[in-house]
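# Next input, structure requested:
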Amino acid sequence: MTGQLPTHRHDWFPLALLGFLVLGVLVLADSTDFWRPRFEFLTMEEFHRQQALPEPSSLGFVNPWYMPTVLAIVFLATVVFCAVRARDAGTPIPMITLGLIIGGGAIVGVYCYVIAGLEVSTSDLVTVWLGPLAVLGAAAAAWSYLGLGPGAQQAKIVGSVCLAAAAFGMVVALAPAIVEGLLVLTGLTVLGYLERTVLPVLAGLVFLATTWFLRPGPTGVVIPAAALLLAAFAALLMAQRRQPDAVR
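Down below sits the predicted model:
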């Protein structure tokens, strides 16, 4: 059918945009201001300056607003991109659905950053917040699964949200430096599910692994960004190969 959108039409966009934005921040960044320098021998001035720097993010940027801003831009741009493509294909996404997607993504991002920024011990966080949240989720899931009464569908939704929030919170609490990698992996996993492709998921896993294991600095920025751009290029190639089938 002429004009039909090929498969894997959308997954290249957030991969490419995130890769280019991360590289763009690196180009604009100054090594003494944006990521924690690593010194074998420190002068007293360098020692005091390094101690004053905040903890770096997954990619090593010490400014707390750079990676959240990049992720927010990529998320909103991807939603708009997919909405425009869906409208052009004759299957527009309802505004209420777009609002729920944007609101849900914002809540997930804020939640993860709040958990990562809490200056409390992991045991206190589990006792006060994550533990009760997991218990509530398990109780709601059991109510829904066993059919113990009315509201099974609502209980299923509550249980899923609470269990997911508890799991996310536990991972972020144990390793707050991977919050950006975790958010990227989550978003790309959802995109991969919607697009019926594993490519974004694999790219998200590579991004998470490289930002976790590489030392903060230029190399720790270039390699994850390069992985995203390679995945975007692969997605475009896959779309081009499927284009003849879509046209027929």
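# Give me the buried positions along stretch 102-119.
Gly105, Val108, Gly109, Cys112, Tyr113, Ile115, Ala116, Leu118 (16 or more other Cβ atoms under 10 Å). C-beta here means a position set from N, CA and C on the backbone, and glycine is covered the same way.
# Mind naming the longest helix for this structure?
Ranked by residue count under DSSP state H, the longest helix found in the chain is helix 218-247.
# which helices and strands does it pack with?
helix 12-28, helix 199-213 (3 or more Cβ pairs under 8 Å, 6 or more residues apart in numbering; DSSP states H and E).
# For this protein, which segments are assigned as helices?
12-28, 31-34, 44-52, 66-88, 95-117, 122-125, 131-146, 152-174, 179-195, 199-213, 218-247.
# Dump these to TSV, plus mean pLDDT.
Formatted as TSV, the helices of the chain follow (pLDDT from 0 to 100):
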stretch	mean pLDDT
helix 12-28	87
helix 31-34	50
helix 44-52	49
helix 66-88	89
helix 95-117	88
helix 122-125	78
helix 131-146	88
helix 152-174	86
helix 179-195	88
helix 199-213	88
helix 218-247	78
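# With distance to Thr211 added, can I get the buried residues of stretch 102-119 in TSV?
Output for these, formatted as TSV (distance: Cβ to Cβ, whole Å):
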residue	distance to Thr211
Gly105	20
Val108	18
Gly109	16
Cys112	14
Tyr113	15
Ile115	18
Ala116	14
Leu118	21
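# Specify which member of those is nearest to Val158.
Taking Cβ to Cβ as the measure, Val158 sits nearest to Val108 out of the buried residues of stretch 102-119, at 16.2 Å.
# Wait, the closest one touches Leu182, no?
No - the criterion here is Cβ atoms under 8 Å, and Val108 misses it with Leu182 at 9.9 Å.
# Now list whatever residues contact both of these two.
Common neighbours of Val108 and Leu182 (criterion: Cβ atoms under 8 Å, 6 or more residues apart in numbering): Phe168.
# Ala173 and Thr122 touch, don't they?
Yes - the pair Ala173 / Thr122 is scored as a contact, 5.0 Å apart, by Cβ under 8 Å.
# Which of those two has more residues huddled nearby?
Ala173 (20 against 13; other Cβ atoms under 10 Å).
# Run through who's touching stretch 134-141.
By Cβ under 8 Å, 6+ apart, stretch 134-141 touches Ala155, Lys156, Val158, Gly159, Ser160, Val161, Cys162, Leu163, Ala164, Ala165, Ala166, Ala167.
# repeat that for 10 Å
Contacts of stretch 134-141 with the rest of the structure, by Cβ atoms under 10 Å, 6 or more residues apart in numbering, involve 126, 151-152, 154-167, 169-170.
# coming back round to it: for the helices and strands packed on helix 218-247, give me JSON lines that also has distance to Leu146 and mean neighbour count.
Shown next, in JSON lines, are the helices and strands packed on helix 218-247 (distance: least, Cβ to Cβ, whole Å; neighbours: other Cβ atoms under 10 Å):
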{"stretch": "helix 12-28", "distance to Leu146": "39", "mean neighbour count": "19"}
{"stretch": "helix 199-213", "distance to Leu146": "32", "mean neighbour count": "21"}
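# a markdown table for these, including distance to Ala83?
Output for the helices and strands packed on helix 218-247, formatted as a markdown table (distance: least, Cβ to Cβ, whole Å):
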| stretch | distance to Ala83 |
| --- | --- |
| helix 12-28 | 12 |
| helix 199-213 | 18 |
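# Report the angle between the longest helix of the chain and helix 12-28.
160 degrees (axes from the mean of the first three to the mean of the last three Cα atoms, to 10 degrees).
# all numbers from here: first residue = 57
Sounds good: first residue 57 from here, last item helix 274-303.
# Now find how far off-centre helix 274-303 is within its chain.
Helix 274-303 has its average C-alpha position 18 Å from the chain's average C-alpha position, going by Cα atoms, centre = their mean, to the nearest Å.
# by how many degrees do it and helix 235-251 diverge?
Angle, helix 274-303 to helix 235-251, by the same axes, to 10 degrees: 10 degrees.
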